[in-house]
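Q: Here's my sequence, what's the structure:
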Amino acid sequence: MFGNLKSNLKTRIKGVVEDIKGRRVDAADAYVAPPTAPPRPVAPAPARPAPTAPVVAAPVVVAPIVAEAPPPSPVIAAPVVEAPPAPVFAAPVEEAAPPSAEPVAATAPSVASLAAAAAAAGKVTTRALHADMGSTDIASYVARAKANGRSVDSVTGGEGVNRAEDGAAYWGPVDNDSSRAKADGKVLTIDQFECISCGTCVEQTDKVYYLPDDGKATPIAQDGPMDLIQDAIDACPVTCIHWTTPDEAEERGLATGMDAE
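A: Purely as a prediction, here's the structure:
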């Protein structure tokens, strides 16, 4: 009994094995290989960027903070006080003089021209102020000092160049600005542009100054009584008489009287 079972089992197993083999062959013949997928495109590798130099930022310079000056204080103008208008006084109306039968001169002679005429004629009324108007000897200097109320001690030198205590040179018996200027080589001049023809210089000494009719005063000598020359300079109301260098006198066109000598 067991032999039959064994034989039947072997027969069945053998059939199963052959059946399986047959199926494998059929499956192999029927097998179709799956389609091959096309190759994927390979993307090119990205190019590496060239190395660039590092960017160095410029240093930031911070300007120092300067404190602003305080605004100027407002200037308060002083109140303007208007002066009251000066009273206007009407000039008195003078009645016209009745016509005269005699003709009236166009212009009356000036005081300066009268003084000049008197000086030219040697009749200057002010001559009594001096012992004389032109002498340069020591006795005349002493006499004029007494007549003008000056001390006789002001006559300290002789004729010509003398030397003062401070070492300065002066010309003639008296030491003053005029005698020092003359000793220094300066010349006596009159600025005729400033001269007003008053005749004061001629009243001091008509031996050094001259005033023509309707003209301007002018020096007529560079040597003379140094006391009276200085008196004329001090008495001139417009201070137009000066001692200057010859070059300055020529440059400024000052009257020296030397061209008439």
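Q: Any buried residues in stretch 141-158, and which?
A: Neighbour-count burial for stretch 141-158, with 16 or more other CB atoms under 10 Å as criterion, is recorded at 141, 142, 143, 144, 145, 150, 155, 157. In short, each C-beta sits where N, CA and C put it, glycine included.
Q: Spell out the secondary structure type for the fourth one.
A: Read that as residue 144. helix (DSSP: H, G, I helix; E, B strand; the rest coil).
Q: on that earlier part again, out of the buried residues of stretch 141-158, which two are the most distant from each other?
A: 143 and 157 (16.4 Å; CB to CB).
Q: Residue 9: which of the buried residues of stretch 141-158 is nearest?
A: residue 157 (188.8 Å).
Q: Next one: residue 162 relative to residue 179, how far apart?
A: 8 Å (CB to CB, to the nearest Å).
Q: could I get the buried residues of stretch 141-158 as CSV with pLDDT and distance to residue 166?
A: Formatted as CSV, the buried residues of stretch 141-158 follow (pLDDT from 0 to 100; distance: CB to CB, whole Å):
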residue, pLDDT, distance to residue 166
141, 94, 21
142, 93, 23
143, 93, 27
144, 93, 25
145, 92, 21
150, 89, 21
155, 94, 18
157, 92, 14
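Q: still on that earlier bit, compare neighbour counts for residue 162 and residue 179 and give me the winner.
A: residue 179 (24 against 18; other CB atoms under 10 Å).
Q: mind listing what's buried in whichever helix or strand that one is part of?
A: According to DSSP states H and E, residue 179 maps onto helix 177-183. Residues of helix 177-183 classed as buried under the neighbour-count rule (16+ other CB under 10 Å) are 178, 179, 180, 181, 182, 183.
Q: list the contacts for the fifth one?
A: Pointing back at residue 182 there. 170, 171, 172, 188, 222, 223, 226, 243 (CB atoms under 8 Å, 6 or more residues apart in numbering).
Q: By neighbours, which of those wins?
A: residue 188 (28 neighbours).
Q: secondary structure element for the nearest residue to residue 177 once chain neighbours are set aside?
A: Of all residues not flanking residue 177 in the chain, residue 230 sits nearest, at 6.2 Å (CB to CB, 6 or more residues apart in numbering). Applying DSSP H and E as the criterion places residue 230 in helix 226-235.
Q: for residue 242, same thing?
A: Short version, using DSSP H and E: residue 242 is in strand 241-244.
Q: again with residue 251
A: helix 246-252.
Q: which helices and strands sit right next to that helix?
A: strand 187-190 (3 or more CB pairs under 8 Å, 6 or more residues apart in numbering; DSSP states H and E).
Q: Put the alpha carbons of the strand it packs on into PDB.
A: Taking C-alpha atoms only, strand 187-190 is exported to PDB below (Å, rounded to 0.1, in the frame of the first residue of the first chain):
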ATOM      1  CA  VAL A 187      64.600 178.900   1.400                       C
ATOM      2  CA  LEU A 188      61.800 181.300   2.400                       C
ATOM      3  CA  THR A 189      58.600 180.700   0.400                       C
ATOM      4  CA  ILE A 190      55.000 181.900   0.200                       C
END
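Q: in it, what's buried?
A: Buried, per 16+ other CB under 10 Å, within strand 187-190: 187, 188, 189, 190.
Q: mean confidence score for it?
A: Mean pLDDT, strand 187-190: 98.
Q: Show me what it is packed against.
A: Counting by 3+ CB pairs under 8 Å, 6+ apart, strand 187-190 packs on strand 218-219, strand 241-244, helix 246-252.
Q: Any idea which of the ones you listed gets closest to residue 4?
A: Short answer: helix 246-252, nearest of the helices and strands packed on strand 187-190 by CB to CB, at 177.8 Å.
Q: hey, C-alpha coordinates of that closest one in CSV?
A: Taking Å, rounded to 0.1, in the frame of the first residue of the first chain, the C-alpha atoms of helix 246-252 are listed here in CSV:
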residue,chain,number,x,y,z
PRO,A,246,64.8,174.5,-2.9
ASP,A,247,63.6,171.3,-4.6
GLU,A,248,60.2,171.3,-2.7
ALA,A,249,59.7,175.0,-3.5
GLU,A,250,60.3,174.3,-7.2
GLU,A,251,58.1,171.2,-7.2
ARG,A,252,55.2,173.0,-5.5
